[in-house]
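**Q** any chance you can model this:
(one chain, ligands or ions: 1)
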Amino acid sequence: MPSVQTVLGPVADTELGRVMAHEHVFSLQAGTWAGSPVDAAVAALLPLREAGFGTVVDLSPYGVVGRDDDGRNVLALREVAERTGLHLVAGTAVYLESFAPAWARESGVEELAARFVSDATVGIGSTGVRAGVLGEQATGLGAVSAFEERAFRAALRAQRETGLALFTHTTHGTMAHEQLDLAVAEGADLERVVVGHLDTQLSAGLAESLLDRGALIAVDTIGKQVWDFFLAPAGPDGTDGEFAKQAFRRSDAGRADLVAGLVDRGYADRIVLAQDLTGAECWMNPDTHGRFGYRYLADVFVPMLRDRGIRDEQIETMLAVTPARLLAVA
Ligand SMILES: [Zn+2]
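**A** A predicted model of the protein is given here:
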């Protein structure tokens with residue numbers, strides 16, 4: 001019976017309910033004064049249950065968006081799972097070079113691949129909490145650094161070895177085909193590679209060209225209509241100065257048009273959905289993430305899909321059936 005490796009152990013793939021496929025549940029606070037990260041995650045996630053969600057995938061790479069440098073705090077995901085009754089699935093990955101921990105930047109491809117495989121089979125760090133998915137594994141804006149290529153190849157090798165699905169991070173939708181070129185070169189199973197953040201371009205042509213190579217795509221920043229993205233940490237070495245950022249607007253109407261068009265052309269079973277919500281970014285999107293939190297997808301975006309002629313069965317394919325297929329391992 002295929003099962004899904006959650007932070008509390010294996011769960012039958014028929015038990016997941018709807019799945020939030022790309023989130024960062026320990027990155028919900030704008031400041032430590034806002035209480036403990038676990039309390040914040042529990043409060044934010046509980047409303048998902050009444051919207052039919054049973055599972056949340058935390059794709060936080062080492063050292064960013066709420067995952068600590070050694071991954072030790074994945075233990076706290078167990079408490080979130082226990083207190084919410086939701087299944088939590090932890091990913092493992094390293095992020096863009098400028099954000100990656102020193103131990104990762106100093107590692108070779110084999111060493112990184114071994115780390116990811118160990119995270120999936122033994123446990124992340126020394127926690128015993130096994131990763132149930134790989135990702136979000138990142139490439140940069142219009143470029144893939146030597147480190148990012150090493151780490152991406154390592155994640156692909158771990159995909160091949162463990163059979164787990166790999167969820168990627170594209171920076172604003174760039175380098176997506178380069179990611180699949182690497183996947184082909186490493187012999188990864190493209191049916192288990194999900195190219196992420198494809199709603200940061202809103203290009204049906206780009207999405208279809210990736211789908212037609214055999215990969216899946218994620219429309220996973222729903223509600224993030226305004227994004228103000230640091231390409232490198234601001235003042236990483238404590239100095240003043242100017243830092244590279246890329247800001248943009250992508251309307252959810254445009255996202256709904258993109259998804260509806262792809263579903264119309266027969267791709268409903270190759271798309272997953274999520275919000276990629278973080279507390280620090282809610283201020284930029286007060287009418288979506290700021291107002292509705294994790295319920296925005298179910299309460300606002302799904303009706304937008306229905307308005308465009310998408311049927312309930314197709315919505316459940318994207319929210320439940322396809323994620324379950326991706327997360328299940330034999
Ligand atoms: Zn990302």
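**Q** please count neighbours and contacts with C-alpha atoms only from this point.
**A** OK.
**Q** tell me how far the ends of stretch 91-98 are from each other?
**A** End-to-end span of stretch 91-98 (CA to CA, to the nearest Å): 20 Å.
**Q** which residues sit against that stretch?
**A** With CA atoms under 8 Å, 6 or more residues apart in numbering as the test, stretch 91-98 has contacts from 57-64, 100, 104-105, 116, 119, 124, 131-140, 145, 147-148, 151, 155, 231-233.
**Q** please pick the buried ones from these.
**A** Buried residues within these, counting neighbours by 16 or more other CA atoms under 10 Å: 57-64, 100, 104-105, 116, 119, 124, 131-140, 147-148, 151, 155, 231.
**Q** surely R18 is within a strand?
**A** Yes - under DSSP: H, G, I helix; E, B strand; the rest coil, R18 falls within a strand.
**Q** what bridges to it?
**A** F53 (DSSP bridges).
**Q** wait, it sits on R49?
**A** No - at 9.1 Å, R18 does not count as touching R49 under the criterion of CA atoms under 8 Å.
**Q** who has more neighbours, those two?
**A** Shown here are R18 and R49; by other CA atoms under 10 Å, R18 has more neighbours (25 against 16).
**Q** okay, buried residues for the top helix by length along the chain please.
**A** Secondary structure assigned by DSSP state H gives helix 146-162 as the longest helix of the chain. Under the neighbour-count criterion of 16+ other CA under 10 Å, helix 146-162 has 147-160, 162 buried.
**Q** can you list contacts of that helix?
**A** Contact with helix 146-162 is made by 93-97, 105, 108-110, 112-114, 116-117, 120, 134-135, 137-140, 164-166, 179, 182-183, 186-189, as judged by CA under 8 Å, 6+ apart.
**Q** same thing but 6 Å
**A** The set of residues external to helix 146-162 that reach it, using CA atoms under 6 Å, 6 or more residues apart in numbering, is V109, L112, A113, V117, T139, A188.
**Q** now stretch 277-292
**A** Under CA under 6 Å, 6+ apart, the answer for stretch 277-292 is S27, L28, Q29, A30, G223.
**Q** now with 7 Å, please.
**A** E23, H24, S27, L28, Q29, A30, G223, K224, Q225, V226, Y296 (CA atoms under 7 Å, 6 or more residues apart in numbering).
**Q** so which of the residues you listed is the most crowded?
**A** Neighbour counts for the contacts of stretch 277-292, by other CA under 10 Å, peak at G223, which reaches 30 neighbours.
**Q** pull up the gap between it and L262, please.
**A** Counting by CA to CA - G223 and L262 are separated by 19 Å.
**Q** same deal with D240?
**A** 45 Å.
**Q** those two: which is more packed in?
**A** L262 (19 against 9).
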